[in-house]
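K.L.:
Sharing a sequence plus its predicted fold:
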Amino acid sequence: MIFYASLAVLPMAVWLWWPLLLRERRGAFWWAVVVTSVLGALPAALIWAMRNTTLSYDVIAHLQVASGWILAALALAFILALLRDLLGLLQRLVGNGMQPRTRIATAVLGVAVALLVSGFGVMQALRIPDVHEQEIVLPSLPAEFDGLRVAVIADIHASPVNNARYVQGIVDRTLAAQPDLIVLPGDMVDGDVPTQAANIAPLAMLSAKYGVFAAPGNHEYYSGYDAWARVFRSLRLTYLENQTQRVKIRGRTLAVSGVGDPAYGRLSRQNADPAVAEGLPPDIEAVARQARGADFHLLLAHQPRLARENAAQGVHLQVSGHTHGGHVLGMDRWLVAPVNNGFVRGAYDVDRMKLFVSSGAGLWAGFAVRLGVPSRIDMLVLRRAPT
């Protein structure tokens, strides 16, 4: 999505600064357009640099935070520019057009406001999340599972930004909430194992009465899948790769499954052989067969967009992440939801299955901005629907 957004940077910059042409300041116009376009394209350039190991990821991750702030500010400034020009059009219709000097002043003011608002969004994105508890009502839930507390820690994206201190904060807050079960539906890391394993190490402290389960996300495939799978297992996470584990709870059987991610097939320089894909594609039919006969089936599937296919396989509750809740109000519904089959955050009824999409407990450094969509550690309290 960042690469697609970079294609819009130039026309956005032209629209933002065109009032300079009204004052015949062509030199200033082109300087403003070029500088704005270069800064707006930085997020895509940094992704390229990361994939080609041009710079150390420790350097890239922090640059990504700054470049994401600028990209978000540019998008907001563009929206303000549209409002400016709409107001100017209305004024012209009533006989009093907006003066060129006023248009330039509003462009500069819009950029300043956008930078401040987006800066606040970055601060919100980088804070350690709180625990958010909510009930999930499930008609198919056995009475013995009523009240089961399931902690969801999605999309940590441990990195030089979301570092070991950040991950330790997540662990401490999760354990303080006393979950019965902990699940991590993917995107736990960014970067390679040799430089980033220490940032994910605090996850080894996670523990719950009925276990800690994890499944892969798309960023695991970008970062050297096989090497990270070994790290996750060394941290005592039950890492489910198209696999199912059965858990006995008060005499009934809970099946917890995890599937591969649709990102399978993407090559990574961190793979043992960069020319060979690692990991595995999602196989819902395989885990459905393994879960057959269980009283309740909980599925960890990182991306929510395949929920309808999963529901058709008899899954009762799917827990996903990936969307980060949509990052920003407005952007969540108009941009993020459509590319995820309408699923962006919260609970959905999908046929007979309940889908829960977490807003995420962390954030990818490439777009570390949250406005109106806070990160959170989700505590799902499962409730049996009244008969």
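P.N.:
Yep, it's here.
K.L.:
Please count neighbours and contacts with C-alpha atoms only from this point.
P.N.:
Will do.
K.L.:
now the helices: where do they sit in the stretch 251-387 of the chain?
P.N.:
284-291, 307-311, 331 (DSSP state H, counting those that start in this stretch).
K.L.:
Tell me which of those helices approaches Ala154 most closely.
P.N.:
Closest of the helices of the stretch 251-387 of the chain to Ala154 is helix 307-311, at 16.8 Å (criterion: Cα to Cα).
K.L.:
what's the neighbour count on Leu181?
P.N.:
Under the neighbour criterion other Cα atoms under 10 Å, Leu181 is assigned a count of 19.
K.L.:
so what's it up against?
P.N.:
Residues counted as contacts of Leu181 (Cα atoms under 8 Å, 6 or more residues apart in numbering) are Leu148, Arg149, Val150, Ala151, Ala208, Lys209, Tyr210, Gly211, Val212.
K.L.:
Equivalent analysis for Pro262, please.
P.N.:
Asn218, Pro281, Pro282, Gln303.
K.L.:
For it, give its distance to Glu220.
P.N.:
Pro262 sits 12 Å away from Glu220, going by Cα to Cα, to the nearest Å.
K.L.:
cool, Ile182 as well?
P.N.:
19 Å.
K.L.:
Name the residue in these two with the higher neighbour count.
P.N.:
Set Ile182 next to Glu220 and count neighbours by other Cα under 10 Å: Glu220 wins out with 28 against 25.
K.L.:
Quick check, pLDDT for that one.
P.N.:
Confidence per residue is given as pLDDT, and for Glu220 that number is 95.
K.L.:
List the residues that contact Gly278.
P.N.:
Wrong residue type there; residue 278 is Glu, not Gly. For Glu278, the contact set (Cα under 8 Å, 6+ apart) comprises Tyr221, Gly224, Tyr225, Asp226, Tyr264, Gly265, Leu267, Asn271.
K.L.:
just checking, what's the longest helix in the chain?
P.N.:
What stands out as the longest helix in the chain, according to DSSP state H, is helix 57-93.
K.L.:
Isn't His322 up against His302?
P.N.:
Yes - under the criterion of Cα atoms under 8 Å, His322 lies in contact with His302, with a separation of 6.0 Å.
K.L.:
what touches both of the two?
P.N.:
Between them, His322 and His302 share the neighbouring residues Gly186, Asp187, Gly217, with contact defined by Cα under 8 Å, 6+ apart.
K.L.:
Same list (those) but as TSV, adding secondary structure, distance to Val33 and pLDDT.
P.N.:
Putting the shared contacts of His322 and His302 into TSV (DSSP: H, G, I helix; E, B strand; the rest coil; distance: Cα to Cα, whole Å; pLDDT from 0 to 100) gives the following:
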residue	secondary structure	distance to Val33	pLDDT
Gly186	coil	39	95
Asp187	coil	36	97
Gly217	coil	37	97
